Structures are given as C-alpha cells and as structure tokens.
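Student: quick one: sequence plus predicted model below, questions after.
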Amino acid sequence: MALRAGGDLALLLPLLLALPAAGSVNGSGAEAAEPLRGRAEPGEAAPGGLNATVSTEVEFGVCTVTCGIGIREVLLTSGCPGTEAKCIVRVEECWGPVDCGWGIPISEGLACVKMPCIYIPPKNRFKYVWKMLIPNKTARILPDDSAIMEVCRDTRSVTFQCETQENGNIIASVKYTVYTTTEMETKKSRRIETGKSRRTMTDAILVFCLVTGIIVTVGVIFAMICMILHWAVVKSIWESKSGQDNQGKKLANKRSLCNTE
C-alpha cells in the first residue's frame with residue numbers, strides 16, 4: 001500500500017508486527033528475519049533457515065510508500081519449504097523520491113495544527129530539520145527538531161517544511177501550509193455550503209423520481225379502471241377485431257386453393 005505524505009505514519013506499526021506472522025504462515029518454520037538491505041548472494045545462507053545450496057531467485061514486493069523511506073518484502077520464488085511457491089525471506093528498506101510534496105496534518109483545529117515528518121519506526125533513528133519557507137527569501141531553520149511539530153495559527157498563512165535526514169543525507173521532505181483562523185473559517189463555511197448544495201440537488205432528483213413514479217402509477221391505475229368500467233365495449237371491439245382477422249385468413253386460404261386448382 002502507498003503511504004500518503006504526512007499521513008498517519010502510525011499505520012506502519014501494524015504492518016511491521018504482521019510481517020513475522022506472515023513468514024510463519026508461508027511455512028519457513030523459523031523466526032522472521034530482521035530488516036536487512038540488499039539480497040542474498042550465491043552460496044550465502046538465506047535467512048529463515050533455508051539451505052544455502054537452494055536457488056536464491058528472489059522477488060521484491062511493493063514498497064509501502066511512494067516517496068521517502070518505507071519497507072518491502074523479499075520473497076523467495078524457488079526452494080521454499082514444503083509445497084509453498086513463495087516464502088518471505090526478509091524485510092528490507094526501500095526508498096522513493098525524496099520530495100513528498102504537500103502533506104496532510106494529523107491534527108488540525110481552528111487554533112493549532114500538528115504536522116508530522118516522514119519516518120519509519122524507530123523515529124529517533126533520524127534527524128528532523130524544520131524550516132519556515134518565506135517567498136523570495138532564504139528558508140529559516142527552526143529550533144524544533146521533533147518528528148511531529150505543533151504550531152498555532154498566525155495572522156497570515158505560513159508554509160513549513162520538514163526534512164528527514166540520516167547520516168547527513170536528506171531521505172524525505174514534506175511541506176505544510178498553515179492557514180489563518182479566518183481562512184479556516186471561510187473554508188469550513190464553503191465546505192458546509194457545498195454540502196448543502198449537493199444535498200439540495202440530491203433531494204430535487206429524489207423528488208422528481210418520486211413524482212414521476214406516482215404519475216406513472218396513477219396513469220396505469222386509471223387505465224385499468226377505465227377498462228373494467230367499459231369491459232363490454234372493449235370485449236366487443238376485441239371480438240370484432242378477432243373476427244376480421246379470422247375472415248381475412250379464410251379468404252386468404254380460399255385464394256390459395258383457387259390458385260392451386
């Protein structure tokens with residue numbers, strides 16, 4: 001699954017907890033390997049207790065993120081225990097583009113906003129550099145170095161950027177815009193008005209369908225009542241029409257006989 005930039009990064013924890021269980025289900029019969037980088041070389045003992053002489057053909061799973069740093073499974077496609085076609089041999093880190101664009105705050109109220117950096121557990125492994133982006137000026141580095149920063153709204157909109165660094169290298173970057181309280185109230189009122197207009201349109205469509213159904217139903221009932229009240233006339237018309245059809249058939253048969261003779 002893809003991790004949205006600045007989304008709820010705590011979603012990675014259930015995945016990390018679930019991966020050892022997945023290795024057990026795949027029939028390795030051994031403890032899941034710790035997150036490693038790279039792949040097993042020929043002749044090297046494969047993780048999970050697999051024999052070193054078996055084939056080391058591997059297949060890489062989908063990275064859990066589309067940018068920044070994430071994790072992926074490494075699957076063995078040959079030589080798995082039992083009848084398993086594939087089995088997990090390890091979990092390793094994977095990287096996407098550094099720039100994660102604009103993120104979504106994990107908490108946003110009319111007064112303050114909480115914004116997360118991009119990371120994977122453990123979060124104290126990385127260094128976080130928060131910057132305030134100023135148009136046409138050099139970005140100002142903030143003293144806050146936490147993975148999640150909380151700021152209160154100012155009288156003007158402010159753009160923040162968090163760089164996740166490891167060993168001096170930037171591995172992920174995400175930006176946030178913190179709007180003013182007035183702008184947030186305006187956006188909230190616009191969302192309410194949009195919701196009301198959509199509900200109004202939906203109600204109008206439902207009313208139109210209901211009225212159309214009632215009209216059609218009343219028309220059918222009225223036609224059936226007319227047929228019942230004037231059943232004698234309808235029956236005579238139907239019988240006369242049937243008689244004309246029978247007479248026409250008889251004439252056609254006579255003509256065919258005459259032509260035959």
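Tutor: Perfect, thanks for sending it.

Student: excluding covalently adjacent residues, which one is nearest to I170?
Tutor: Nearest residue to I170, sequence neighbours excluded (CB to CB, 6 or more residues apart in numbering): E163, at 5.1 Å. Backbone N, C-alpha and C define where each C-beta goes, glycine included.

Student: helix or strand for that neighbour, which one?
Tutor: Using DSSP states H and E, E163 sits in strand 158-166.

Student: next: T182.
Tutor: Element membership for T182, per DSSP H and E: helix 181-229.

Student: per-residue pLDDT, E163?
Tutor: pLDDT recorded at E163 is 96.

Student: my read is that it contacts K131, right?
Tutor: Yes - E163 lies in contact with K131 (CB atoms under 8 Å); the separation is 7.2 Å.

Student: okay, these two: which has more neighbours?
Tutor: E163 (20 against 17; other CB atoms under 10 Å).

Student: for that one, give me its contacts.
Tutor: C117, Y128, V129, K131, I170, A172, S173 (CB atoms under 8 Å, 6 or more residues apart in numbering).

Student: let's see it at 10 Å
Tutor: 98, 117-118, 126-131, 139, 141, 170-174 (CB atoms under 10 Å, 6 or more residues apart in numbering).

Student: hey, what's in contact with both of E163 and K131?
Tutor: Taking CB under 10 Å, 6+ apart as the criterion, E163 and K131 both touch A139, I141, S173.

Student: quick check, nearest of those to A147?
Tutor: S173 (13.8 Å; CB to CB).

Student: quick one, strands of the stretch 51-200 of the chain?
Tutor: Using DSSP state E, counting those that start in this stretch, the strands of the stretch 51-200 of the chain run over 58-60, 69-76, 87-95, 99-102, 107-108, 112-116, 127-133, 140-141, 148-152, 158-166, 169-178.

Student: can you list these in JSON lines and add distance to A204?
Tutor: Shown next, in JSON lines, are the strands of the stretch 51-200 of the chain (distance: least, CB to CB, whole Å):
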{"stretch": "strand 58-60", "distance to A204": "52"}
{"stretch": "strand 69-76", "distance to A204": "46"}
{"stretch": "strand 87-95", "distance to A204": "50"}
{"stretch": "strand 99-102", "distance to A204": "36"}
{"stretch": "strand 107-108", "distance to A204": "33"}
{"stretch": "strand 112-116", "distance to A204": "38"}
{"stretch": "strand 127-133", "distance to A204": "45"}
{"stretch": "strand 140-141", "distance to A204": "52"}
{"stretch": "strand 148-152", "distance to A204": "42"}
{"stretch": "strand 158-166", "distance to A204": "41"}
{"stretch": "strand 169-178", "distance to A204": "36"}
